[in-house]
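Peer 1: heads up, no residue letters with this:
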């Protein structure tokens, strides 16, 4: 399954990963669009081309972050106190651990990303409460056995208890839909009942022409993206107990009071869902 994933750096046996900053990287593009500084000229150029084609991309990415905050807070309020964040991305505060530790100071989080640049920033910046614990793992999400069996995970989390699995804005880079479903299921099969799955992934259904220019630009830059319909996203949650309102656009999932209607459907390009493993 991991062969379906983009690889922004080359790993040679026995050598540190070689980071290629001559090509755009999805995490750094995301960082730039959100106003971050941890990106390179090639990332900024790619992001500007995407924004020229669809200016609402910034709104969509901002709403994706807000959804993550709400979903993480919800999971913590339901009693979950340990989390795995797959595809962490460059840190943008508040991060997942800040949200959940505000609810449960002793909460534990493992951040996982395969980009060594992301890993370096995460390890340098992400610090939690004295009661809680944070670990960082440089790994490809396409290898659930290696991730869940790693010392970073087993030494931080108790996998016999429920875990919050967060897979935010990365499944679109698994180009085969069946491989993506199988990948998520591989994680869930190893997690205890009561665990929760949180997903967001890309769609152009809300703005087929303009949002489609973003996926086209990603592909042009060597970062091919799989576009999903609502019907494509729903199978990720088969056999799970979906949390209301089910699979929906990111800004429509339990919006903060007073924010309803501030963002139009045409301004977002992500579906989201949260579900519990029975």
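Peer 2: Now that the structure is in, tell me what you want to look at. These numbers come from a predicted model, not from an experiment.
Peer 1: Can you get me a residue count around residue 73?
Peer 2: 16 (other C-beta atoms under 10 Å). C-beta: built from backbone N, CA, C; applies to glycine.
Peer 1: How about it: what's its closest non-neighbour residue?
Peer 2: Leaving aside its sequence neighbours, residue 73 sits nearest to residue 99 (C-beta to C-beta, 6 or more residues apart in numbering; 5.3 Å).
Peer 1: which SSE is that neighbour in?
Peer 2: In the assignment (DSSP states H and E), residue 99 maps to helix 96-103.
Peer 1: So which bits of that helix are buried?
Peer 2: 96-101, 103 (16 or more other C-beta atoms under 10 Å).
Peer 1: ok, then the element right after that helix?
Peer 2: With elements assigned by DSSP H and E, the helix or strand that comes after helix 96-103 is strand 108-113.
Peer 1: what residues does that following strand touch?
Peer 2: Residues from elsewhere that reach strand 108-113, judged by C-beta atoms under 8 Å, 6 or more residues apart in numbering: 27, 81-89, 96-97, 100-101, 119, 122, 126, 128, 132-139, 141, 147, 152-153, 156-157.
Peer 1: how far away is residue 193 from residue 156?
Peer 2: 20 Å (C-beta to C-beta, to the nearest Å).
Peer 1: More neighbours: these two, which one.
Peer 2: residue 156 (20 against 9).
Peer 1: Go ahead and confirm that one touches residue 133.
Peer 2: Yes. Between residue 156 and residue 133 there is a contact under C-beta atoms under 8 Å: 5.6 Å.
Peer 1: what's across from the spatially most central residue of the chain in the sheet?
Peer 2: Central residue of the chain (C-alpha atoms, centre = their mean): residue 168, 2.0 Å from the mean position. On the basis of DSSP bridges, residue 168 is bridged to residue 200.
Peer 1: OK, contacts around it?
Peer 2: Counted by C-beta under 8 Å, 6+ apart, residue 168 has contacts 64, 68, 85, 87, 89, 198-200.
Peer 1: Any idea which of those residues the model trusts least?
Peer 2: Here the lowest pLDDT out of the contacts of residue 168 sits on residue 89, with 81.
Peer 1: burial measure for that one, as a count.
Peer 2: If we define neighbours as other C-beta under 10 Å, then residue 89 has 25 of them.
Peer 1: Among the contacts of residue 168, name the ones in helices.
Peer 2: Among the contacts of residue 168, the ones falling in helices (DSSP state H) are 64, 68.
Peer 1: Reformat the contacts of residue 168 as a markdown table; add distance to residue 223.
Peer 2: Shown next, in a markdown table, are the contacts of residue 168 (distance: C-beta to C-beta, whole Å):
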| residue | distance to residue 223 |
| --- | --- |
| 64 | 17 |
| 68 | 21 |
| 85 | 21 |
| 87 | 13 |
| 89 | 14 |
| 198 | 23 |
| 199 | 19 |
| 200 | 17 |
